[in-house]
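>>> Quick one, fold the following:
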Amino acid sequence: MKIDLSGVTTTEYLGTGKHFVKVVDVKDEHEYIQVRFQDKNGAIHQERFYLRDSVKWRIAALAKACGIWDDGQAKIDSEDLIGCYLYITIEEQEYNGKTYRNVAKFEASGLPKDTKIAHQNKKQQEQLPEVDIDEDDIPF
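Next up, the predicted model:
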């Protein structure tokens, strides 16, 4: 049997180590948010952030690295993460005999958010205002 694979592309995933990435998508689920990070070469990493009180510190660390949250602030909008540039450090961890790649550290990049990304809220689609960013400051 011959199988036509024209137009099919594969996805590259980020390996362990420190990566400069942009948040390109956030999906709000019932018990967690799923965040997709992408580097300048198109490699991705997806991470779930559970909404249980015992692990909300991870969401706070991500939001702080993105510059959308400060200590003492009560709430954030998960959609505000989209377009954020930051550094993430991915480590492998074993759980129940399986190896998983998880973000172990979030660090601010110092770059402004990419506000050219249009994202769709479940109820409406909105275009964020553009910010004049020098192309030399952005690696991708």
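>>> State the distance from residue 70 to residue 13.
Per C-beta to C-beta, to the nearest Å, residue 70 is found 32 Å from residue 13. C-beta: built from backbone N, CA, C; applies to glycine.
>>> what's the answer for residue 31, then?
Where residue 13 is concerned, residue 31 sits at a distance of 23 Å (C-beta to C-beta).
>>> The two: which is more packed in?
residue 13 (11 against 8; other C-beta atoms under 10 Å).
>>> contacting residues around the more buried one?
Contact partners of residue 13, counting by C-beta atoms under 8 Å, 6 or more residues apart in numbering, are 43-45, 101.
>>> Settle this for me: residue 26 is touching residue 46, isn't it.
No. Counting by C-beta atoms under 8 Å, residue 26 stays clear of residue 46, with 10.5 Å between them.
>>> who has more neighbours, those two?
The neighbour comparison of residue 26 against residue 46 (other C-beta under 10 Å) goes to residue 26, with 18 against 14.
>>> Can you verify the more buried one is assigned to a strand?
Yes. With DSSP: H, G, I helix; E, B strand; the rest coil as the criterion, residue 26 is assigned to a strand.
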